[in-house]
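# Structural data only, the sequence is not supplied:
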């Protein structure tokens, strides 16, 4: 009886250590890695392609195992992974990450980034659709669309949906 | 030998339970992650709270496995059922959620809160003032830090260019509003401690902590005012009035007078608060209700529309942020004035009003559970508070004002979603429950 109880206790101990690792340590580590990774990617934008590629690979390695952290950290993790994929030129992968992030939180900046990722992946229809969603929520983002023709088409779509007086 | 008797595991369980509860109460308000520039405060506190619940579950289940006996619950006691009814409601709402994955995460937080609450009740049945002193010590540390920051003496997390100085004065809590809400809750607890001590002195029993308690109240109130959170200050004043009215209407009148003079003086002498009140009067006159509500009309309107669409079970715990996108656009179509909002592009993660958030996410069922818990807490003050029994008197003094503080604070803040505020409110509520019959 005592042996069974001690065995059960040890099993419980192992389960507790696993739960602490999974629910506390991993999110803590991932939060630091996401923050550092996002900063590094932003800083690398001003440097050459080779440096940006190196940083993106490093971010991807650091965020290994972080995709299943609880929300809202999960959204930040997926966003950082999408940014890393964009830096590596893997635009379809970036689209997939942004779409997964949108399943956790629907923020205008996510719709905007997804729209740009679709543009990079040469899917103009999906790009306009997501940029329209981003700008419907936050009209100030319209000015951030980098291409004149895309901006005009997005604005036309918004006016068709919300009336000629949009954004007011 | 000891395993079969169960005394040693029970002793080990009680010691570990107390140590973990105290460590959580002290560490949660102080823990930060300086390596996470995006979420330095909230996430680490939520993780430590979760870790505390995991350790507490381990201690109790482990002790049971090693032979400790389970405490016998008093099943006729309504307080035995209240937390479980609230949790069962949470489980039901999660199962009916429109976004199950997000609601599961909220359910995990609710489970952790239930575990910490029950463990704190268990600890408080055997230990007394240590459980008041430890969380207040952490609160005093934060109060001093926010004053130091507001006075431009030291900014421990550096200074961000382009961000108003006041918004960077977050102590170790998160943002000025959360600092105010947290310090206000601590001040209500300290006030009950002081009032209990004062009653003992009047009755000729022992008096040991009156001066200390007054000093703690002064520091916490100064920190709360430095945070400039009007909701927290208003909730504290409401709680203090309720506390004194219940004890003695005469004393309450005196306290009201002192508070009124104090509030007027503070608003006259402290320029940032004076400016805020002047702006609020101006916005009321000009009908700019969105600015009056610090640009929160859009989440309020969105939450109201969510409740209108799902009045019984809500949209699901923890799903407001996900649904906000659609409902904010609908709210803007219905109330075009919202399109003029300064923060039109901000995606609110919380309503900034827990009454509306609970109604939106949990519908009438969720709100009934929320109100039930607070009414049950307030009801502790309806019993007689035996002055010769300090802990019972403390519970009698604190319970109703704490419920009032929680209700008023929830009008413009979200204590249920903020770990540092929720954990302190739950800690004090657990003390009231444990001490309501004397410890």
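Yes, it's here. Only a predicted model underlies this, so the values are computations on that prediction, with no experimental measurement involved. Numbers count the residues shown, from 1 in each chain, chains lettered A, B, ... in the order given.
# What residues sit buried inside the helix or strand that contains residue B:305?
For residue B:305, the host element (DSSP states H and E) is helix B:297-309. Judged by neighbour count (16 or more other Cβ atoms under 10 Å in any protein chain shown), helix B:297-309 contains these buried residues: B:297-307. For every residue, glycine as well, the C-beta is placed using N, CA and C.
# any chance of the residues you listed in TSV, plus pLDDT and distance to residue B:329?
Formatted as TSV, the buried residues of helix B:297-309 follow (pLDDT from 0 to 100; distance: Cβ to Cβ, whole Å):
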residue	pLDDT	distance to residue B:329
B:297	91	15
B:298	94	10
B:299	95	13
B:300	96	15
B:301	95	11
B:302	97	9
B:303	98	14
B:304	97	15
B:305	98	10
B:306	98	13
B:307	98	17
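# ok, so of these, who is nearest residue B:146?
Nearest to residue B:146 out of those is residue B:299 (Cβ to Cβ; 25.6 Å).
# what's the spacing between that closest one and residue B:79?
Distance check for residue B:299 against residue B:79: by Cβ to Cβ, to the nearest Å, it reads 34 Å.
# Likewise for residue B:324?
Taking Cβ to Cβ, one finds residue B:324 at 36 Å from residue B:79.
# I'd guessed residue B:28 sits against residue B:46; true?
No - using Cβ atoms under 8 Å, residue B:28 is not in contact with residue B:46; the gap is 9.0 Å.
# Please identify every residue contacting each of those two.
Residues touching both residue B:28 and residue B:46 (Cβ atoms under 8 Å, 6 or more residues apart in numbering or on different chains) are residue B:419.
# Same drill for residue B:324 and residue B:79, tell me which one is more crowded.
Applying other Cβ atoms under 10 Å in any protein chain shown to residue B:324 and residue B:79 shows that residue B:324 carries more neighbours, namely 27 against 18.
# Secondary structure class of the more buried one, three-state.
Classification of residue B:324 using DSSP: H, G, I helix; E, B strand; the rest coil returns helix.
# Tell me, what's the model's pLDDT at whichever residue of chain A sits closest to chain B?
Closest residue of chain A to chain B, Cβ to the nearest Cβ: residue A:138 (3.1 Å). Reported pLDDT at residue A:138 in the predicted model: 95.
# any idea how far the spatially most central residue of chain A is from residue A:98?
What sits nearest the mean C-alpha location of chain A, by Cα atoms, centre = their mean, is residue A:79, with 1.3 Å. Going from residue A:79 to residue A:98 by Cβ to Cβ gives 7 Å.
# which residues of the stretch 301-439 of chain B score low on pLDDT?
B:385, B:438-439 (pLDDT under 70).
# Over to the stretch 101-250 of chain B?
B:200-208.
# at 50 instead, please
Within the stretch 101-250 of chain B, not a single segment meets pLDDT under 50.
# Smallest gap between it and chain A, at which residue?
Counting by Cβ to the nearest Cβ, the stretch 101-250 of chain B gets nearest chain A through residue B:105, at 5.0 Å.
# what about that residue, neighbour count?
Residue B:105 has 18 nearby residues by other Cβ under 10 Å.
# Helices along the stretch 201-350 of chain B, start to end?
B:210-226, B:230-247, B:249-269, B:271-286, B:289-292, B:297-309, B:320-334 (DSSP state H, counting those that start in this stretch).
# how about the ones you listed, which one is nearest residue B:74?
The nearest among those, by Cβ to Cβ, is helix B:230-247 at 25.8 Å.
# Show me the strands in the stretch 1-150 of chain B, by range?
Assigned strands in the stretch 1-150 of chain B: none (criterion: DSSP state E, counting those that start in this stretch).
# Right, and chain A sits closest to which residue of chain B?
residue B:345 (3.1 Å).
# That residue reaches residue A:137, doesn't it?
Yes - Residue B:345 lies in contact with residue A:137 (Cβ under 8 Å); the separation is 6.7 Å.
# Quick check on these two: which one has the bigger neighbour count.
Higher neighbour count among residue B:345 and residue A:137: residue A:137, with 24 against 16, using other Cβ under 10 Å.
# Please report how far the closest residue to that one other than its chain neighbours lies from residue B:414.
Ranked by Cβ to Cβ, 6 or more residues apart in numbering or on different chains and with sequence neighbours excluded, the top spatial neighbour of residue A:137 is residue A:108, at 4.1 Å. Noted for residue A:108: a distance of 21 Å to residue B:414, by Cβ to Cβ.
# Kindly report the same for residue A:114.
For residue A:114 relative to residue B:414 (Cβ to Cβ), the value is 28 Å.
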